[in-house]
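Asker: structure for the following, please:
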Amino acid sequence: MSEAASLLDYYRKNRFNPVPIDLATPEALSAHAAKRRTLYSGHLGIPLGLLSGQKVLEFGCNSGENAVVLALCGADLTLVEPNEQVHQRLRDVFEAFGLGARLEALSSLGIDEFPEDRKYNVVLAEGFLFALPNKAELAAKICRLLTPGGIGVISFNCRFGGLIELHKRLALYRACELAGADFRSEQSLAIAQELYGAAFARISASRPFAAWWKDLLVNPFYADRYLWSYGELLPVLAAAGAEFLSTSPRWFEEEPMRWYKNVPAPGARNAAVMEQWRGRFGGMLTGKPAQPGFEAEGMAGPEVVAGVETLALGISDYTEGLRGLDAVRLDGPLAAWLRAARDPNLAALCACLTAVHQALALTSAEDFRAAVAGSGLAGLWGSAYHYLSFTQREGIL
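Answerer: Reported below is the predicted structural model:
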């Protein structure tokens, strides 16, 4: 991959912040804090009211806008950001809100080099871990850095939840190919704006369209080898003594009416999580819960799951120039499962993907863009980006 040696290098080279956050006014801070409270407390099971005096470690904190919210809750922060160019802005942000005393340490070490001689109540790694070659090993390291009962948080690009976004990348790559445009050029941005700009403007995005284009549609790190899944992550965490807590988007529901004294056996909760994941596979793909009466249609067998894996890899290889268009195929059990769906969300996904794949055979750039526009792809949004929280059980009596 010639574009960048790391995700950080990619951001530096392209001179953009993947998710710029404005904290210039009290109103902006309040709005940002409300979103983070929803994420931490509402989705991930981290009670912000109990963070006062707790030791929090955040890897890849960028210029600290998210960490400020934790500092406002009274957390004592150790922040790790290899990009030293943002360190002064980070300190300025903390000082601007009178939170300098909450910043215990600011390190430029990478997560690989960070020492394990201290434990933390909360450890966060948001927005980068999935792009590292030893990501599983580093997820286990986060578990080791937690106190017994401590909470870890990892975010990742989901191989299954991102199927729609992968198709947006696919359609843009093919449109550029037919137009003779470089995939990462200004012409590509213009084509993406034509295909997806109006739909993007209708959602509650925290960043401009060009940042989304750079960070997802043409990012060399939005490729199969950098995608992750719960099926890969949960065994890594379990081996490190940690247990699933929650997610964002929230999709797992605890067993109904289970008495607290009925303690599940080690590993039983993770097994229940994966069983429910398979049962809600359709919602993973569409980014929406099944409509009432169609919940059973969301269950997918292993052959359907494998079909999505094969399709994701084919799209990835094609858009990285590793294989030709013939690697991208919507067929077999996955196609049959989608065609049989009566749930409106899955049916709409099926119709859209079918139209996009049929359009791939077109050789006219104008006809292809028109077909993509008519497919409805621009208006669909999956669940590409996930947060996973977990607790460290080892050491708890």
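Asker: from here on, contacts and neighbour counts on C-alpha atoms
Answerer: OK.
Asker: residues contacting residue 375?
Answerer: Listed by CA atoms under 8 Å, 6 or more residues apart in numbering, the contact partners of residue 375 are 351-353, 355-356.
Asker: mind listing the strands in the stretch 101-250 of the chain by residue range?
Answerer: Listed in chain order, the strands of the stretch 101-250 of the chain (DSSP state E, counting those that start in this stretch) span 103-107, 120-125, 146-157, 242-248.
Asker: show residues contacting the second one.
Answerer: Strand 120-125 is contacted by residues 54-60, 142, 145-147, 149-155 when judged by CA under 8 Å, 6+ apart.
Asker: mind doing that once more with 10 Å?
Answerer: Contacting residues not belonging to strand 120-125 are listed as 46, 51, 53-61, 67, 75, 77-80, 111, 138-139, 142-156, 387, 389, 391-392 [CA atoms under 10 Å, 6 or more residues apart in numbering].
Asker: who does it pair up with?
Answerer: Strand pairing for strand 120-125, using DSSP bridges, gives strand 55-59 (parallel), strand 146-157 (parallel).
Asker: now do the shortest one
Answerer: Based on DSSP bridges, the pairing partners of strand 103-107 within the sheet are strand 76-80 (parallel).
Asker: what residues of the strand it pairs with count as buried?
Answerer: Neighbour-count burial for strand 76-80, counted by 16 or more other CA atoms under 10 Å, picks out 76-80.
Asker: among those residues, find me the one that's closest to residue 221.
Answerer: Of all these, residue 80 has the smallest distance to residue 221: 21.3 Å, by CA to CA.
Asker: what helices or strands is the helix or strand bottoming out on mean pLDDT in the chain leaning on?
Answerer: Counting by mean pLDDT, DSSP states H and E, the chain has its least confident helix or strand at helix 7-14, which shows a mean of 76. Applying 3 or more CA pairs under 10 Å, 6 or more residues apart in numbering; DSSP states H and E, one finds that helix 7-14 contacts no other helix or strand.
Asker: nearest to residue 366 among the contacts of residue 375?
Answerer: Taking CA to CA as the measure, residue 356 is the one of the contacts of residue 375 closest to residue 366, at 14.2 Å.
Asker: can you redo the strands of the stretch 101-250 of the chain as a markdown table with distance to residue 375?
Answerer: Below are the strands of the stretch 101-250 of the chain laid out as a markdown table (distance: least, CA to CA, whole Å):
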| stretch | distance to residue 375 |
| --- | --- |
| strand 103-107 | 48 |
| strand 120-125 | 36 |
| strand 146-157 | 24 |
| strand 242-248 | 28 |
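Asker: fine by me, thanks again.
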